[in-house]
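Peer 1: Sequence and predicted structure, then a few things I'm wondering about:
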Amino acid sequence: MSNNNKTKLSRREILMLALASGGGIGLRALLTGVPIHFLTKRSMAQAANENFLVFSSRRSSDPVNANIPGTYKANYQHAGAFSNPVNMTIGDQTHQAADVWNDLRDGIKANANFFHLRSGTNSHNEQRAVLTASGGVQSPLGRGTEMIPSAISYETSKTLGTQVPNPIAINSDILSYQGRDQQIYRPTGVKGLFPGITPELQNARSFRDQMVDDLYTSVKNSGSTAQKNFLDEHIVSGNKARQLGTQLSEALEEINNNSQDNAMRVTAALLALKITPAVMVGLDFGGDNHTDSNLTREVDMHRSAINSINLLYDSLSVYGIQDKTTFAQINVFGRTTRRNSRGGRDHWGNASMMFSFGPGIKGGMIGDLAADNNNRYNAMGINSQTGGTNGADIESGRTLHSAAKSLMAAMGISKEKAEEMVIGGKVVDAYLKS
């Protein structure tokens, strides 16, 4: 057996152990409401601001940049269905965007942000380079470079107390962690790892009651008064446990294929069970659409992707972690702001973007686009204080690095640490919720 196969087997075994009923500490935490750090170490540390990450990236580099706030300008070409924008309120700002973006849940739009950036790449094969911010994201263990979601996952795992520190990839193209490529899972494959906890989910209240009895017995015999009080404060009711068990069972039962929607359901379950701090997924907003003559696929897949994002938010809400989860999307490059001779869009690394929302993010738009002499729009430099373009102190070539740093800071990583984790660019203060 090769070393690579051994590595993959090890990762699979870790995930299987995490999901197995006997050692399913995440399930126990979910159904009792007691933090993992108390279940495992009797630690009463006050929970830090929990923040899970769902990160999306596609090698095909869909035209997700093409119909967002900031794109409704002279000579910028849109699909017919998206040619008449609507006013979209994000945070305390109002911008024009395609109507599909206004279909996002209100809870998403309150913290939604569109960050204009330049990836500086025009090849599908440069996805790894973009995900490491051109090598700017530093490995926390001094092993070269790291991918954006992996660097964040390592840091947030320390406070989340998840069962593994690495992100898990669902329907993704690529993911590496600490120098090793990670296995890509499919929704049905992940579902196949859950049978060990199915009996407990079917009778979650009884399972919860037994766990609570065991906890109280243990704490009563050897715990302090403070530990007993801590336990009382966190225990959820049997009815709540039964509700969570039913909802989790129903969510898993629906997973019968490897669709984009099922990837969202599996993602929410993995985070709710505190298996991992981060999940990497791929959302189809129209694909590599050189020959999408009427931009029909661009329109259809935008609507489908927005529905999937709403499904993710709804699934997170079922487990009560919608306000503890951040979503971010960065593709390899953007698509041209004008259509090509075949009616579609070509690669355009000068106008890409990061779409994100989450508890630490201030809703709005960061940066903007400006036309060149050929009526092509390019991402501009950014003022790190205001998020606008006047008085920019971040050059356009470092906007990707700045987006990575800003996302890290929004995830609860200190601004100083975020500045150290990525070489180049600056944290944009206007991106962060004060």
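Peer 2: Yep, it's here.

Peer 1: which sections of this protein are below the confidence cut-off?
Peer 2: For the chain, residues meeting the criterion pLDDT under 70 lie at 1-24, 46-48, 195-200, 202.

Peer 1: Need the outlier residue of it, farthest from its centre.
Peer 2: In the chain, residue 221 marks the outermost C-alpha relative to the chain mean, sitting 41.8 Å out by Cα atoms, centre = their mean.

Peer 1: pretty sure that residue belongs to a helix, no?
Peer 2: Yes: following the definition DSSP: H, G, I helix; E, B strand; the rest coil, residue 221 is counted among the residues of a helix.

Peer 1: list the buried ones in stretch 30-41?
Peer 2: Under the neighbour-count criterion of 16 or more other Cβ atoms under 10 Å, stretch 30-41 has 30, 31, 32, 33, 34, 35, 36, 37, 38, 39 buried. In this view, the C-beta of every residue, glycine as well, is placed from N, C-alpha and C.

Peer 1: Not counting its own residues, what contacts that stretch?
Peer 2: For stretch 30-41, the external contacting residues (Cβ atoms under 8 Å, 6 or more residues apart in numbering) are 25-26, 28-29, 43-45, 47, 161-163, 204, 207-208, 211-212, 215, 227, 230-231, 234-236, 240-241, 244-245, 248, 272-274, 319.

Peer 1: sorry, back to before: mind picking the two most distant members of the buried residues of stretch 30-41?
Peer 2: Distance extremes for these: the farthest pair is 31 and 37 at 16.6 Å, using Cβ to Cβ.

Peer 1: Against residue 332, how distant is residue 425?
Peer 2: Applying Cβ to Cβ, to the nearest Å, the value for residue 425 to residue 332 is 18 Å.

Peer 1: make that residue 187, sorry
Peer 2: Spatial separation of residue 187 from residue 332 under the definition Cβ to Cβ is 24 Å.

Peer 1: domains of the chain?
Peer 2: For the chain, automatic domain parsing gives the domain ranges 15-47+188-257, 50-186+261-431.

Peer 1: what about the longest one, distance to the chain center?
Peer 2: Centroid separation for domain 50-186+261-431 versus its chain: 9 Å, with Cα atoms, centre = their mean, to the nearest Å.

Peer 1: ok now do residue 146, which residues does it touch?
Peer 2: Contact criterion Cβ under 8 Å, 6+ apart gives 132, 137, 138, 139, 140, 154, 176, 177, 178 as the residues in contact with residue 146.

Peer 1: sec struct for the residue with the shortest distance to the centre of the chain, please.
Peer 2: Within the chain, the residue whose C-alpha comes closest to the C-alpha centroid is residue 54; the distance, by Cα atoms, centre = their mean, is 1.7 Å. Assigned by three-state DSSP, the conformation of residue 54 is strand.

Peer 1: List the contacts of it.
Peer 2: By Cβ under 8 Å, 6+ apart, the residues touching residue 54 are 267, 271, 278, 279, 280, 281, 312, 325, 326, 327, 328.

Peer 1: Just the buried residues of those residues.
Peer 2: Applying a neighbour-count criterion of 16+ other Cβ under 10 Å, the buried members of those are 267, 271, 278, 279, 280, 281, 312, 325, 326, 327, 328.

Peer 1: quick check, nearest of those to residue 117?
Peer 2: Proximity of those to residue 117 was ranked by Cβ to Cβ; the top entry is residue 328 with 11.9 Å.

Peer 1: correct me, but that closest one touches residue 53?
Peer 2: Yes: Residue 328 is within contact range of residue 53, at 7.0 Å (criterion: Cβ atoms under 8 Å).

Peer 1: Tell me the helix or strand right after the longest helix along the chain.
Peer 2: Within the chain, and with DSSP state H defining each element, the longest helix by residue count is helix 296-318. Beyond helix 296-318 in the direction of the C-terminus, DSSP states H and E gives the next helix or strand as strand 325-330.

Peer 1: Tell me who's in contact with residue 188.
Peer 2: Contacts of residue 188 by Cβ under 8 Å, 6+ apart are 255, 256, 257, 258, 262.

Peer 1: In TSV, list these along with distance to residue 89, secondary structure and neighbour count.
Peer 2: Converted to TSV, these look like this (distance: Cβ to Cβ, whole Å; DSSP: H, G, I helix; E, B strand; the rest coil; neighbours: other Cβ atoms under 10 Å):
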residue	distance to residue 89	secondary structure	neighbour count
255	34	coil	22
256	37	coil	10
257	36	coil	10
258	35	coil	17
262	31	helix	24
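
Peer 1: Tell me which other helices or strands the stretch of helix or strand residue 242 belongs to touches.
Peer 2: Assessed by DSSP H and E, residue 242 sits inside helix 238-253. In this structure, helix 238-253 packs against helix 25-32, helix 198-202, helix 204-222, helix 260-272, helix 296-318, with contacts taken as 3 or more Cβ pairs under 8 Å, 6 or more residues apart in numbering; DSSP states H and E.
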